[in-house]
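# only geometry, no sequence info:
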């Protein structure tokens with residue numbers, strides 16, 4: 001193949017090398033606009049895993065690179081006068097200039113033509129496209145190729161909010177990758193520092209827009225900016241200066257990070273590579289790694305014998321998914337640093353843990369493999385904060401709300417069963433909830449218990465009132481007598497989402513003609529075409545429904561529930577007032593957030609007044625309607641939670657979505673945890689969270705990082721009522737209590753687990 005590579009950065013050079021290694025007859029020219037030894041970065045970070053990949057691809061260049069590495073195993077976090085170090089992280093750094101020179105040398109060895117100080121105009125690009133079998137655009141995050149063919153690549157560029165400047169220093173940071181946080185007169189500013197050769201380290205200074213503006217960095221020259229940074233970080237620089245290699249830039253060298261994604265990575269015979277196709281934030285140090293590993297994947301496909309179009313399509317399909325995993329982690333890390341002031345008042349132990357796990361690539365048990373001693377101290381700290389002298393994992397720490405004490409932080413999430421008859425719970429509910437209470441969870445939620453027959457979602461949904469008290473009492477008596485679990489009644493009214501079929505008969509679909517019942521909501525908006533149109537509630541309706549909630553609370557107390565939760569999420573009645581998507585009222589209950597919250601708060605106050613002071617009460621909210629600016633956003637959810645906290649809510653159960661069928665949710669592992677994190681740490685109120693949480697690692701990392709206080713699992717508890725007991729066995733935790741009749745099972749499970757561990 002005759003190939004033109006646009007851009008002589010690590011990705012472009014490594015692609016050319018990888019192609020030549022697979023077929024020496026390829027005719028490859030790399031075009032670079034700068035001189036051979038120009039570089040405008042400092043160090044490049046690569047992991048041990050990445051270097052192993054390079055060794056398998058080209059042992060020669062891998063050794064050349066490795067011979068010039070600076071290694072470190074530790075991550076050090078410095079905050080003011082505090083510092084903490086953890087180990088086992090296995091990273092290495094090399095100067096970007098050194099890396100480029102080594103790759104250039106290897107490229108020349110293989111007969112690759114290198115053309116420096118060569119600008120590629122639109123006309124020249126068209127000529128290269130016509131005169132070559134393939135054009136590889138590895139021309140960086142500001143890719144000219146991507147811009148010229150924007151309609152074909154369909155890029156999205158998200159300029160992130162923080163500002164940063166990429167500097168270097170001769171101060172040594174060769175003992176650890178170091179994060180330094182300094183509180184200044186204008187707010188927090190921080191540095192990412194790491195060694196990349198014997199006498200030089202990268203020193204990236206970052207801050208939020210408010211601090212950037214307060215210092216006036218935009219109006220300072222590079223030298224004045226550097227002098228100011230030297231003053232801020234003087235205690236860490238040991239008298240050494242900060243240096244720039246961006247003197248070619250006039251004015252401020254501060255920039256914001258552009259998060260680049262592209263719908264298409266190729267068209268015809270032009271393909272994007274590296275930062276041109278997707279960018280990963282510098283805070284996880286994966287930009288060069290991604291580009292060079294993509295170069296290997298592209299070379300593999302192009303030498304597979306497939307037609308060019310098929311090879312490029314397969315490259316895009318396979319590699320785009322792999323890159324997405326890393327860039328998603330990078331996005332998590334980016335957002336963590338954008339909101340870092342939320343965490344800077346956490347205890348140093350928890351702050352350090354939160355920083356290490358910010359991208360969700362490093363899990364709780366992975367930290368144990370890296371540094372078991374440090375993680376053990378972190379777990380002991382967490383237990384001590386919970387009033388325990390245990391050293392067990394965070395999920396097994398006790399938790400207290402008012403006078404309710406939980407034995408652990410695992411919660412069985414509310415899950416509709418659709419098995420009630422005429423609002424009455426039955427043996428299905430008794431067995432379902434009793435089994436999950438026996439399964440070791442600290443707290444068991446009921447499904448939403450409806451305050452009236454007209455407040456049900458489906459004909460299979462249970463109610464709570466005087467008629468249901470005996471059935472629910474039977475359940476709570478059993479749970480209290482036979483298990484350590486506590487049980488919460490989630491109380492709600494379906495609103496416009498009522499009068500629908502059982503889930504397996506068509507979720508949210510209206511009942512057959514003649515079987516429907518009248519509905520109430522904030523506004524007269526049906527859930528879907530064909531569903532019952534609700535009545536927009538008048539004041540008399542509000543009084544009636546409020547009193548129904550109070551009667552439900554009184555029934556829950558009589559039935560012996562330990563806790564109640566007001567359901568104000570997912571588009572149900574109270575949520576229909578909160579969200580502007582479903583509240584179109586023009587009276588005092590619509591419009592502003594204060595107006596929209598007035599009726600839910602009225603109901604909350606009435607419920608709290610009817611519920612014993614010693615018992616806790618929580619509220620479930622939808623922190624995101626997934627409807628853009630039209631609906632509730634995470635920022636507004638903080639204000640909603642603030643009002644509920646001030647009204648007396650003991651904790652907020654942070655959920656999202658299900659407000660309207662037009663929603664566009666973004667799912668993923670632990671996808672609601674950021675919302676709970678924000679509410680908890682902005683307001684200082686405990687939070688509960690669910691949402692694609694299915695591993696003990698998810699639970700432990702969420703708790704240990706201070707992102708929530710209780711973790712709810714739904715589907716895992718449907719699949720395994722004894723999830724908590726089995727998780728303890730898998731983790732080697734032999735302290736977990738089992739019901740006395742199951743003691744033999746506990747012993748055998750632990751013995752088999754120990755045997756399997758020894759054999760592995």
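Perfect, I can see it now. All values reported here derive from a predicted model rather than from experimental measurement.

# contacts and neighbour counts: CA atoms only from here.
Will do.

# report the separation between residue 401 and residue 562.
10 Å (C-alpha to C-alpha, to the nearest Å).

# quick check: neighbours shared by those two?
615, 616 (C-alpha atoms under 8 Å, 6 or more residues apart in numbering).

# the two: who's more crowded?
Higher neighbour count among residue 401 and residue 562: residue 562, with 23 against 16, using other C-alpha atoms under 10 Å.

# tell me the contacts of residue 591?
Taking C-alpha under 8 Å, 6+ apart, one finds 580, 583, 584, 585 in contact with residue 591.

# okay, and the last one sits in which element?
Taking DSSP states H and E as the definition, one finds residue 585 inside no helix or strand.

# what does the one 10 residues further on give?
Assignment of secondary structure by DSSP H and E places residue 595 within helix 593-610.

# show me what the following helix or strand past that helix is packed up against.
As assigned by DSSP H and E, the chain's next helix or strand after helix 593-610 is strand 617-622. Here strand 617-622 is seen to pack against strand 563-568, helix 634-647, strand 651-655 when contacts are counted using 3 or more C-alpha pairs under 8 Å, 6 or more residues apart in numbering; DSSP states H and E.

# Throw the ones you listed into JSON lines and include distance to residue 352, thanks.
Formatted as JSON lines, these follow (distance: least, C-alpha to C-alpha, whole Å):
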{"stretch": "strand 563-568", "distance to residue 352": "33"}
{"stretch": "helix 634-647", "distance to residue 352": "25"}
{"stretch": "strand 651-655", "distance to residue 352": "24"}
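
# got the angle for the helix holding residue 595 vs helix 634-647?
Put simply, helix 593-610 runs at 40 degrees to helix 634-647, going by axes from the mean of the first three to the mean of the last three C-alpha atoms, to 10 degrees.

# could you say what helices and strands helix 593-610 packs with?
helix 539-558, helix 573-578, helix 634-647.

# now with 6 Å?
helix 573-578 (3 or more C-alpha pairs under 6 Å, 6 or more residues apart in numbering; DSSP states H and E).

# residues in contact with the helix it packs on: which ones?
493, 494, 495, 521, 522, 568, 569, 582, 583, 596, 597, 600 (C-alpha atoms under 6 Å, 6 or more residues apart in numbering).

# so how far is residue 606 from the spatially closest residue to the third one that is not a sequence neighbour?
Take residue 495 and drop its neighbours on the chain: the residue closest to it by C-alpha to C-alpha, 6 or more residues apart in numbering is residue 573, 3.9 Å away. In this view, residue 573 and residue 606 are 16 Å apart by C-alpha to C-alpha.

# now do residue 143
Distance from residue 143 to residue 606, by C-alpha to C-alpha: 60 Å.

# and the longest strand out of those in the chain, what's buried?
For the chain, the strand with the greatest residue count under DSSP state E is strand 155-169. Using 16 or more other C-alpha atoms under 10 Å as the burial criterion, the residues of strand 155-169 that qualify are 155, 160, 161, 162, 163, 164, 165, 166, 167, 168, 169.

# so what sits opposite the last one in the bridge?
On the basis of DSSP bridges, residue 169 is bridged to residue 201, residue 242.

# ditto for the fifth one
Residue 163 forms beta bridges with residue 207, residue 256, as assigned by DSSP bridges.

# now do the first one
Legend: beta-bridge partners of residue 155 under DSSP bridges are residue 262.

# is it true that it touches residue 262?
Yes. The pair residue 155 and residue 262 qualifies as a contact (C-alpha atoms under 6 Å) at a distance of 4.1 Å.

# poorly predicted segments of the stretch 451-600 of the chain, please.
The stretch 451-600 of the chain contains no residues with pLDDT under 70.

# pLDDT below threshold where in this protein?
39-41, 248-250.

# repeat that for 50
Counting by pLDDT under 50, the chain shows no low-confidence range.

# quick check: longest helix in it by residues?
Identified as the longest helix of the chain according to DSSP state H is helix 308-338.

# which residues does the next helix or strand after it contact?
The element immediately downstream of helix 308-338 (helix or strand, assigned by DSSP H and E) is helix 348-356. By C-alpha under 6 Å, 6+ apart, the surrounding residues in contact with helix 348-356 are residue 705.

# which residues sit against the longest strand of the chain?
Contacts of strand 155-169 (C-alpha under 6 Å, 6+ apart): 200-209, 242-244, 254-262.

# check stretch 427-447 too.
406-408, 410-416, 475, 483, 485-490, 721-722, 724-725.

# quick check: buried residues in it?
Applying 16+ other C-alpha under 10 Å to stretch 427-447 flags 429-430, 433-447 as buried.

# kindly report the same for stretch 116-134.
Buried, per 16+ other C-alpha under 10 Å, within stretch 116-134: 116, 120, 125, 128, 129, 132, 133, 134.

# same question for stretch 505-523.
508, 509, 510, 511, 516, 519, 520, 521, 522, 523.

# list just the nearest of those residues to residue 366.
residue 508 (41.2 Å; C-alpha to C-alpha).

# for residue 716, what are phi and psi?
Main-chain dihedrals, residue 716, degrees, to the nearest 10: phi -60, psi -30.

# which residue comes closest to it once chain neighbours are left out?
Per C-alpha to C-alpha, 6+ apart, closest to residue 716 is residue 694, 5.9 Å.

# wait, is the one you found part of a strand?
No. Using DSSP: H, G, I helix; E, B strand; the rest coil, the secondary structure at residue 694 is coil, not a strand.

# residues near the residue nearest to residue 558 when sequence neighbours are not counted, how many?
Distances taken as C-alpha to C-alpha, 6+ apart put residue 469 closest to residue 558, at 6.8 Å, once the chain neighbours are dropped. If you count neighbours by other C-alpha under 10 Å, residue 469 ends up with 22.

# residue 469 against residue 559, yeah?
Yes. Contact criterion C-alpha under 6 Å: residue 469 and residue 559 qualify, at 5.2 Å.

# out of the contacts of strand 155-169, which are buried?
Those of the contacts of strand 155-169 that meet the buried threshold are 200-208, 242-244, 254-255, 257-262, by 16+ other C-alpha under 10 Å.

# quick one on the thing from earlier: now tabulate the helices and strands packed on strand 617-622 in JSON lines and tack on distance to residue 5 and mean neighbour count.
As requested, these are exported to JSON lines (distance: least, C-alpha to C-alpha, whole Å; neighbours: other C-alpha atoms under 10 Å):
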{"stretch": "strand 563-568", "distance to residue 5": "56", "mean neighbour count": "26"}
{"stretch": "helix 634-647", "distance to residue 5": "43", "mean neighbour count": "18"}
{"stretch": "strand 651-655", "distance to residue 5": "48", "mean neighbour count": "26"}
